[in-house]
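1. Test case, fold it:
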Amino acid sequence: LSHVTLGESVMQISQSAFRVCPELASITLLGSSPQAVENGAFDTATLIAYVEPENASTFGGAGAQWNNLTIVIRTEPIPISILGTQLRGSSFTIRFGGEPGISDWRMLGSEQMETFADDLTTNTGFSETTPGEYEAVIDISENPLIRFFRVAR
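-> Purely as a prediction, here's the structure:
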């Protein structure tokens, strides 16, 4: 185990939670700082914690030491893979895989592939069907000319 991702809903990390993980080099925390982190939760001295830019201040900011972890603000995009698509009436469904526990997805659309100026998030229902697998159902009845879609955060 070299990397762990903790979802937005993690509220507590128990004592010695990662004690028997000698290969663990980094952890990604998708939410704010958990309310309770017990002593010895992270015993690896060189562990790096990647956090989302909007949550960095809850961990003390970039470069801070938080429960023996060095905080690094995550700037790279989260990779996703398209698992399937389906058009049924005015509903377009995209199934995709990514890191588990993410709830702030956005859906962008366009009539041309070069620009994605239309934010379709309010017309899109996102759900995590299994850990790390998501489904986005877009109501395209209000924007019937949109033919290109982009999943974003």
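2. Model confidence at the residue nearest the centre of the chain, what's the number?
-> Closest residue to the average C-alpha location of the chain: Ile102 at 3.8 Å, with C-alpha atoms, centre = their mean. Here the pLDDT value assigned to Ile102 is 83.
3. Could I get the contacting residues of it?
-> 7-8, 30, 78, 128, 134, 153 (C-beta atoms under 8 Å, 6 or more residues apart in numbering). Where C-beta positions appear, they are placed from N, C-alpha and C, glycine not excepted.
4. make it 6 Å
-> With contact taken as C-beta atoms under 6 Å, 6 or more residues apart in numbering, Ile102 is in contact with no other residue.
5. begin at 34 from here
-> Yes, from this point I'll number from 34; that puts the last item at Ile135.
6. Report how many residues lie close to Val84.
-> 27 (other C-beta atoms under 10 Å).
7. Oops, could you answer that again for Thr162 instead?
-> The burial count for Thr162: 10, using other C-beta under 10 Å.
8. wait, it sits on Glu168?
-> Yes: assessed by C-beta atoms under 6 Å, Thr162 is found in contact with Glu168 at 5.3 Å.
9. Pull up the distance across stretch 104-121, start to finish.
-> 45 Å (C-alpha to C-alpha, to the nearest Å).
10. for it, what is the average pLDDT?
-> 84.
11. buried residues in that stretch?
-> Under the neighbour-count criterion of 16 or more other C-beta atoms under 10 Å, stretch 104-121 has 104-105, 107, 111, 113 buried.
12. Okay, and which of those residues map to strands?
-> Among the buried residues of stretch 104-121, DSSP state E puts 104-105 in strands.
13. which one of the buried residues of stretch 104-121 sits closest to Glu144?
-> Ile113 (22.6 Å; C-beta to C-beta).
14. ok, now which ones touch that closest one?
-> Counting by C-beta under 6 Å, 6+ apart, Ile113 has contacts 129, 131.
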